[in-house]
Structures are given as structure tokens and as C-alpha cells.
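mind looking at a prediction? Sequence and model below.
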Amino acid sequence: MKFISEFRRSELSKGLISQIHHKSRTPARLMEFCGGHTVTIFRYGIREVLPRTIDMVSGPGCPICVTANADLDKAIALARIPNGIIATFGDMLKVPGSHSSLQEVKADGGEVYTVYSAMDALKIAEERPAKNVFFLGIGFETTAPTIAASVLQAEERKIKNYYVLSMHKLCPPVIRAILNSGEVKLDGLICPGHVSTIIGSHPWDFIARDYGIPCVVSGFEPTDILQCIDMLVDQIESGESRVEIAYRRGVSPEGNQQALKLMAQVFEPCPAQWRGIGEVPDSGLKLRKEYQHFDAEIAFDIDPGPTREPRGCICGAILRGVKTPAHCKLFGKACTPQHPVGPCMVSSEGSCSAYYLYGGGVEG
Amino acid sequence: MCLAIPALIKTIENKEAEVEIGGITRRISLWLTPEANVGDYVLIHTGYAISVLDQEEAMETLKLFEEIADRAEEEG
């Protein structure tokens, strides 16, 4: 058992596809919340093999895509602080802020490093005590516990020059905001797999209970997604709505208690700005008072200047599931992965990038 | 961004483990999965193990998929 190739066997996919065709009668719109799921769906051509009854729409589950320009501008302003070093996950470099990008700061001689892990950022801080190392805390509940662990590791190892710019986002509150907006009608939700590895499946209960929408947590291999769709179709056809897990090898109803404990020890919920969605209460994380000496925004005076949104870009509407990249005038013309205008084209998990790489143009 | 990859734990020392990912060995943190043991498969996200994978559940899921595939073939 390697936990990968076994879940990519085409004969298993064929069986699941056949079963979905056999069962599905009611027209249904399903949202995959997570950008990782969007990539699997496009890479394996899953939309094309589903019955006509099923319509798929992508959600806002790409942390880089939903980062508001105002937050990006803060990161870029930090990069210009003398003796500052920015350490960040790769995709952030190319995202255009209001006036510049981290890549441009780097080209101007700024110290901006791509790291694989918060531990790598910590290592830079340890090795270069005269510098201030700013780690860009981007990511959902999957990533936030790793950043929490890095803060606790910094405390333990008495590293005083490590700072976090916390731009973390929480998924259940934003789904609530999207459903409350009434802009998009959903008949089923493919819940994010690795977010649920941390938080468990219970935080999705309100969607099935209060909104009557079937929810199934999915893994990231093609058979995982197909099994998830099959389980959603079962609920839809029987008129039921509950939360189920189609990724039992990696997700339990209770989640990862240790990760939740560390995350709650270091961070507390706060309002957060989401691109295209606006401010959502309790959907962000900030460092708790006890750990504020690691908070880049508190330790340093940042002046990001006025925020400006890219003209003609409809990433916001795409993130809400209201429009697809096919509706965007810039898509594939002024906006490509080589020269992205909006974040959904920058991130490898953004809808625009997935459409561009796998969608064969603007078919939506 | 929430990408996590299954990897086999080879050794454990001080909340850190050596894992094998596609033939390459690397060190990861066990801060989030203190219950992990040598021989376990864990999901790795940005250098941290975020979950110990449940082998029994995986086998059961695959068995279910095989049954569905067999049934689909019979039904043509």
C-alpha cells in the first residue's frame, strides 16, 4: 500500500463513473471548495465523464487566490523594510499587489526566499540573527497548525528575529458567507480533504443541517473525487442532506486534536478580508496576545499605501462561484500563467490556471 | 496549497522523522502527529506530518471500489 497509485487505477474509476451514470437523475450543481480538487478534476477530465445532470462549479479554496490585495500590499511593504527577509511559499512571489509584487521587490535586490516549510524560514532566522525574517502566513486550517508549531519552536529555541504576517483563513465561515449571499445555488458540496484532516468533518454539519445541502469530504485522487460525487448523488436522489467522509484513510470526524490544540494555543479567530467576498467574521487567524512578539504587524510599522484592484479582472466573482474564467475578457489574452493579472491565474490551484492548463481554452 | 503527500516513516528522533517520498529521503516534523510510529504512512504538508494514514480504511475503500467495478462490468 503506497496510498497513491492504488487510487488512480482506471478500472476502478470506470466502475464509479458507471455507477454515477446509473444513479443520477436529478439535475444538480456541485461545488468543489478546494483548489486541489479543482486540479484533480481538470487533470483527469472528470467533468467530461460525468452525466449531463451534474454541473460542477469551483469554489474559493485557494488561499493565495483569496488573499486580499490589501494583505498582499502589507507583505510587499514588509519586504522593503531594511534588514528584512521575506520567506514564503512559492506561488506568492508572482501575485501582483496594488503596485508591485514580491518578485519585483526581489528583482530590485530585496531578500525574498521561497521556502517549502515554516521550519525553513525558522532556520534562516536562526542562521542570520542580524536580520528580521518575515514568514508570510498563508493558508487554511491545513497550514495554520504548521505555522503555530513554528512559532512554538521559535519560542522554544529562543529565536527572536522570526515574525509571522498572519493572513490565514478559515473555511467553514466563508462557505456560510457564500451560501448566505444567495448568489450561487448549490445541491452538494465537495468538502476540502486536508482542511478536514485537521478540523474533522463536524465543522461542516451546519451546511447539511441549516442549508439542506449534502456534504461529502473528499480525497485528492481521481477515485476519491468520483466516490465523493457518487455519495453526493446518493444523498441528492434520496432527498437527504448529511455530512459524510469519502476519504476515511485521511480524515476522521473529530480531526487532528493535537493540531487543533496548537493552532488554538497560538492563534485566535479574527475578521478577515477575502478577495471578491469582502470581510467575513471569524474567518481569519491572528496571533494571541502571548505570542504577539512574533506578529510582524505589531512589531513593525507597515505602510502599504492605498489599495488598487487590477482592472478588468473578475477573480472575485470566479472565487464566489458566480462566474467562470470563460466569462473573463482577460483570460488567455492579457492574463496567462506567464503574465498573470489576477491571483487565480498565478496559483497552480487557481481556477483560471486550471482552465488554462487543462481546460483547453475557455470551455466552461 | 493544501497539498499533502503520503510518506513512509523510516526513523524517529526528537519529534522529527526521516521519511521516504518517491525514493527520496527527507526530514519532517512530528509536532502535529506525536502518535506516529516507524512504519506508519503519514500525510506530509509543508514539512509537517498532519495525519497518520489509516491502512485498514484504505483497504476497505479499495475493496468497495473493486466491488463497484465488478458490478459495473457485469451490468455492462
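That came through, no problem. Numbers count the residues shown, from 1 in each chain, chains lettered A, B, ... in the order given.

burial measure for residue 50, as a count.
You didn't pick a chain, so chain A it is. Residues near residue A:50, counting by other Cβ atoms under 10 Å in any protein chain shown, number 20. No exception for glycine: its C-beta is placed from N, CA and C like everyone else's.

please go with chain B instead
25.

contacting residues for it?
A:142, A:145-146, A:194, A:197-198, A:256, A:259, B:4, B:32-33, B:42-44 (Cβ atoms under 8 Å, 6 or more residues apart in numbering or on different chains).

confirm it sits in a helix?
No - assigned with DSSP: H, G, I helix; E, B strand; the rest coil, residue B:50 falls outside any helix and is strand.

please enumerate the strands of chain B.
If DSSP state E is used as the criterion, the strands of chain B fall at B:5-13, B:16-21, B:24-29, B:41-45, B:48-52.

swap that for chain A, please
Using DSSP E, the strands of chain A run over residues A:28-34, A:54-61, A:84-88, A:111-114, A:132-137, A:162-166, A:188-191, A:215-217, A:243-245, A:267-274, A:278-287.

which among those strands is found nearest to chain B?
Closest of the strands of chain A to chain B is strand A:28-34, at 6.4 Å (criterion: Cβ to the nearest Cβ).

against which helices or strands is the closest one packed?
Here strand A:28-34 is seen to pack against strand A:54-61, strand A:188-191, helix A:193-199, helix A:222-238 when contacts are counted using 3 or more Cβ pairs under 8 Å, 6 or more residues apart in numbering or on different chains; DSSP states H and E.

what strands line up against it, and which way round?
strand A:54-61 (parallel), strand A:188-191 (parallel) (DSSP bridges).

in CSV: these, plus distance to residue B:70.
Shown next, in CSV, are those (distance: least, Cβ to Cβ, whole Å):
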stretch, distance to residue B:70
strand A:54-61, 24
strand A:188-191, 26
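
from those strands, which stretch is densest packed?
strand A:188-191 (a mean of 27; mean count of other Cβ atoms under 10 Å in any protein chain shown).

so how far is that strand from its chain's centroid?
The chain centroid and the centroid of strand A:188-191 are separated by 15 Å under Cα atoms, centre = their mean, to the nearest Å.

now stretch A:195-210
Computed by Cα atoms, centre = their mean, the chain-centroid distance of stretch A:195-210 equals 16 Å.

other residues contacting it?
Counting by Cβ under 8 Å, 6+ apart, A:34, A:61, A:140-142, A:145, A:171-172, A:175-176, A:179, A:189, A:191, A:213-215, A:217, A:241-245, A:247, A:250-256, A:259-260, A:263, B:2, B:4, B:43, B:50-51 sit against stretch A:195-210.

what's the span of it, first residue to last?
This stretch, stretch A:195-210, spans 21 Å end to end (Cα to Cα, to the nearest Å).

in that stretch, which residues are buried?
Within stretch A:195-210, the residues scored as buried using 16 or more other Cβ atoms under 10 Å in any protein chain shown are A:195-201, A:203-204, A:207-208.

mind putting those residues into a markdown table with pLDDT and distance to residue A:40?
Formatted as a markdown table, the buried residues of stretch A:195-210 follow (pLDDT from 0 to 100; distance: Cβ to Cβ, whole Å):
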| residue | pLDDT | distance to residue A:40 |
| --- | --- | --- |
| A:195 | 98 | 15 |
| A:196 | 98 | 16 |
| A:197 | 98 | 16 |
| A:198 | 98 | 19 |
| A:199 | 98 | 21 |
| A:200 | 98 | 22 |
| A:201 | 98 | 19 |
| A:203 | 98 | 22 |
| A:204 | 98 | 19 |
| A:207 | 98 | 21 |
| A:208 | 98 | 23 |
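
just give me the closest of the residues you listed to chain B.
residue A:197 (4.7 Å).

bridged to the residue lying closest to the closest one once chain neighbours are set aside, which residues?
Excluding the flanking residues, the one nearest residue A:197 by Cβ to Cβ, 6 or more residues apart in numbering or on different chains is residue B:51, at 4.7 Å. Per DSSP bridges, the residues bridged to residue B:51 are residue B:43.

and residue B:51, how far from residue B:10?
18 Å (Cβ to Cβ, to the nearest Å).

quick one, which of these two is more surrounded?
Using other Cβ under 10 Å as the criterion, residue B:51 and residue B:10 rank with residue B:51 on top: 25 against 12.

just checking, that one touches residue B:30?
No - assessed by Cβ atoms under 8 Å, residue B:51 is found out of contact with residue B:30, at 11.5 Å.

do I have it right that residue A:233 meets residue A:24?
Yes - when contacts are counted by Cβ under 8 Å, residue A:233 is listed as touching residue A:24 (4.8 Å).

which neighbours do the two share?
With Cβ under 8 Å, 6+ apart, residue A:233 and residue A:24 have common neighbours residue A:54.

residue B:23: how many residues sit nearby?
Residue B:23 has 5 nearby residues by other Cβ under 10 Å.

pLDDT at it, what is it?
On pLDDT, residue B:23 comes in at 84.

same check on residue B:54?
Looking at residue B:54, its pLDDT stands at 96.

tell me how many other residues crowd it.
Neighbours around residue B:54, by other Cβ under 10 Å: 17.

that one and residue A:1: what is the separation?
In terms of Cβ to Cβ, residue B:54 sits 11 Å off from residue A:1.

surely residue A:165 touches residue A:296?
Yes - look at residue A:165 against residue A:296 with Cβ under 8 Å: they come within range, at 4.4 Å.

looking at these two, which is more packed in?
residue A:296 (25 against 21).

show me the contacts for that one.
Residue A:296 touches A:78, A:134, A:163-165, A:302, counting by Cβ under 8 Å, 6+ apart.

max pairwise distance over those: which two?
A:164 and A:302 (13.3 Å; Cβ to Cβ).

contacting residues around residue A:336?
Under the criterion of Cβ under 8 Å, 6+ apart, the neighbours of residue A:336 are A:345, A:356.
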